[in-house]
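Engineer: Quick one, what's the 3D model for this:
(one chain, ligands or ions: 3)
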Amino acid sequence: MSSGSQQQHRRPSPSTSASPQQPSQNTTEEVDDELFFGARAPVLMIPDLFTHPPPVRDPLVTGTSQAQDGTVEACLPFLDGEDDAVAYNEHGVPGLDRERHIRFLHQSLGRLPGRFVAADASRPWFLYWCLSAMAMLGEDVTSYREAVIQTARSMQNEEGGFGGGGRQLSHMATSYAIVLSLALVGGEEAYEVVDRKAMWKWLCSLKQPDGGFQVCLGGEEDIRGAYCGAVIISLLRLPLDLTPESPAYKEDGSANLLTGVADYVRRCQTFEGGISGQPNAEAHGAYAFCALGCLALLDHPSRSIQSYLDVPRLVAWLSSRQYAPEGGFSGRTNKLVDGCYSHWVGGCFPLIEACLNSSGGNGGDAADATTTTTKTTTRLPPAEDSLFSREGLIRYILCCCQDQTKRGGLRDKPGKMSDAYHSCYVLSGLSSAQHQWELDEPDETEGPAASVLGLADPVWAVLPYLDGPQVFDNGDRVRPIHPVYAIPQQQVRAVKEYFSGKKGFC
Ligand code: FPP
Ligand code: K
Ligand code: ZN
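Structural biologist: Ligands and ions are numbered 1, 2, ... in the order given. Next up, the predicted model:
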């Protein structure tokens with residue numbers, strides 16, 4: 001998506017806008033407003049791309065095309081800088097309503113409204129979403145340490161892992177959310193909540209002979225399991241050996257917790273180029289992030305991502321998720337933009353950019369030499385420019401995803417209520433769009449054998465993204481988050497350091 005021409009968008013100043021003499025907007029009369037108002041109204045720099053419906057249209061009208069038209073119609077008034085009640089910068093972008101969002105998140109954590117009783121199983125998610133969003137907004141979350149510790153303890157099962165609530169079956173997703181929440185509040189007491197030995201045994205029981213993980217005992221096997229499993233194993237520094245009880249155990253000792261995971265991920269890439277939840281299903285943005293995050297933990301991402309995925313086709317699919325004029329991402333083909341995909345799709349780009357820009361990524365030798373199970377594909381050159389429109393995404397987030405009423409919080413799209421889930425993932429996407437990540441070079445001497453055998457721990461370095469027009473104000477930059485774990489890098493380092501100092505399970 002390229003930004004195209006700059007539209008000179010002139011607004012009447014708020015003090016004169018109530019005048020009955022005011023000429024209508026977007027007409028040739030506009031050129032005369034100096035005569036009417038005496039002074040020039042501020043000129044907003046908004047590219048035409050973000051203020052007009054797409055110029056090329058498929059004439060076939062379907063339910064899908066109508067839903068899409070309705071979304072464009074709902075978004076345009078938020079993107080065109082014309083709302084007198086809103087304070088815009090010179091790019092026609094409103095500021096980040098930090099205080100209001102922080103208040104919304106504290107309230108969401110404080111007491112869950114009654115109608116969420118049915119969603120009891122997502123309590124660990126609420127913790128993670130709210131704490132992560134607060135951390136990105138610069139709020140200190142350590143005041144929640146005791147509450148998180150208590151909640152986590154009540155959700156841990158003797159058989160290992162965490163359920164969604166007391167006496168609920170352990171699940172990969174809730175275990176992932178609890179481990180990240182404990183990491184976010186930090187400290188020895190929080191880390192020590194996790195029964196690592198039981199967690200390890202439980203993960204072994206979920207590991208399948210085809211390389212993937214079930215999400216719960218006897219439950220479905222999908223790519224969420226692979227990503228959440230890799231996150232938990234790497235953060236807690238769990239041993240990779242399999243218990244003899246594991247469905248994936250091999251007598252000759254040739255299989256471990258990570259054997260075949262990368263191949264499982266590869267089998268999830270679809271004919272569209274995107275990633276599905278399981279092999280042979282529909283590509284969806286949430287699973288693209290799971291795939292890249294998982295691969296980025298298995299080996300140096302410049303090797304693992306390029307070895308196991310057809311990156312040019314994946315980039316084509318990811319790019320097709322960004323729409324204009326909205327600027328945001330959809331989760332799948334022919335569906336609508338939604339703020340949460342700012343993370344699930346937007347969060348894929350830092351991983352891909354970093355792996356293309358490290359020499360292991362564009363040199364290609366290390367990855368080309370990998371085992372026979374990997375495939376060699378066309379290599380993309382280093383990404384000198386951003387692989388997605390950061391401007392478009394930032395416009396969608398700041399213009400369309402903020403609840404501007406007293407309520408605060410972030411949302412899917414105009415007309416939808418803000419919630420903790422969207423607050424977390426919209427802000428994660430904003431963070432990805434505002435920063436740029438660089439990876440250290442892969443250790444070539446280690447060779448491709450390191451691939452799928454152990455967990456890589458490459459050094460990620462972050463910088464503010466400075467190329468191209470910056471449409472947000474400096475004060476509206478949110479904190480960077482680790483591109484794989486989606487929590488601040490400092491908390492990732494602290495938890496890994498804590499557990500790497502451990503011998504065995506004690
Ligand atoms: C479709 O929803 C959504 C999916 C098929 C996948 C959802 C999965 C996640 C959001 C997260 C998975 C990741 C982890 C780490 C647990 P929809 O039909 O309501 O939305 P759509 O129209 O935008 O596709
Ligand atoms: K959706
Ligand atoms: Zn959403």
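Engineer: sec struct for residue 404, please.
Structural biologist: coil (DSSP: H, G, I helix; E, B strand; the rest coil).
Engineer: just residue 130 next, same as before
Structural biologist: Residue 130 is classified as helix under three-state DSSP.
Engineer: Please, which helix or strand holds residue 233?
Structural biologist: helix 223-236 (DSSP states H and E).
Engineer: Which strands and helices lie in contact with whichever helix or strand comes after that helix?
Structural biologist: Once the chain leaves helix 223-236, the next helix or strand it forms, by DSSP H and E, is helix 261-267. For helix 261-267, the elements it packs on are helix 223-236, helix 285-298, helix 301-308, judged by 3 or more Cβ pairs under 8 Å, 6 or more residues apart in numbering; DSSP states H and E. Every C-beta, even on glycine, is put in place using the N, C-alpha and C of the backbone.
Engineer: and those, which is most packed in?
Structural biologist: Among those, the stretch with the highest mean neighbour count (mean count of other Cβ atoms under 10 Å) is helix 301-308, at a mean of 28.
Engineer: Just the CA trace of that one, in CSV.
Structural biologist: Output of helix 301-308 as CSV, limited to C-alpha atoms (Å, rounded to 0.1, in the frame of the first residue of the first chain):
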residue,chain,number,x,y,z
PRO,A,301,14.6,-16.5,13.0
SER,A,302,16.6,-15.7,9.9
ARG,A,303,17.2,-19.4,9.6
SER,A,304,14.0,-20.9,10.9
ILE,A,305,11.5,-18.6,9.3
GLN,A,306,13.1,-18.7,5.8
SER,A,307,13.6,-22.5,6.0
TYR,A,308,10.2,-23.5,7.0
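Engineer: list the buried ones in the next helix or strand after it?
Structural biologist: Downstream of helix 301-308, the first helix or strand assigned by DSSP H and E is helix 311-320. For helix 311-320, a neighbour-count test (16 or more other Cβ atoms under 10 Å) marks 311, 313-315, 317-320 as buried.
Engineer: Now stretch 160-177: buried residues?
Structural biologist: 160-164, 168, 170-177.
Engineer: scratch that, stretch 235-255
Structural biologist: Those would be 235-238, 240, 242, 246, 248-249, 255, for stretch 235-255 by 16+ other Cβ under 10 Å.
Engineer: just checking, which of the helices and strands packed on helix 261-267 comes out with the lowest mean pLDDT?
Structural biologist: Mean pLDDT values for those show the minimum at helix 301-308, a mean of 92.
Engineer: before we move on, back to that, and which of the buried residues of stretch 160-177 is nearest to ligand 1?
Structural biologist: residue 173 (4.4 Å; Cβ to the nearest ligand atom).
Engineer: my read: the closest one touches residue 227, true?
Structural biologist: No. Counting by Cβ atoms under 8 Å, residue 173 sits too far from residue 227 to count as a contact (9.8 Å).
Engineer: what about the residue of the stretch 351-500 of the chain found nearest ligand 3, distance to residue 223?
Structural biologist: For the stretch 351-500 of the chain, the residue closest to ligand 3 is residue 412, as judged by Cβ to the ion, at 4.4 Å. Distance, residue 412 to residue 223, by Cβ to Cβ, to the nearest Å: 23 Å.
Engineer: same thing with residue 351?
Structural biologist: Here the criterion is Cβ to Cβ. By it, residue 351 lies 15 Å from residue 223.
Engineer: can you check residue 476 too?
Structural biologist: Distance of residue 476 to residue 223, given as Cβ to Cβ: 33 Å.
Engineer: Phi, psi for residue 156 please.
Structural biologist: phi -80, psi 140 (degrees, to the nearest 10).
Engineer: Find the residue closest to whichever residue of the stretch 151-300 of the chain sits closest to ligand 1 in space, skipping its chain neighbours.
Structural biologist: Here the stretch 151-300 of the chain gets closest to ligand 1 at one residue, residue 286, 3.4 Å apart by Cβ to the nearest ligand atom. With sequence-adjacent residues excluded and distances taken as Cβ to Cβ, 6 or more residues apart in numbering, residue 286 is closest to residue 344, at 4.4 Å.
Engineer: What residues does the stretch 51-200 of the chain have near ligand 3?
Structural biologist: Proximity of the stretch 51-200 of the chain to ligand 3, by Cβ under 5 Å from the ion, involves no residues.
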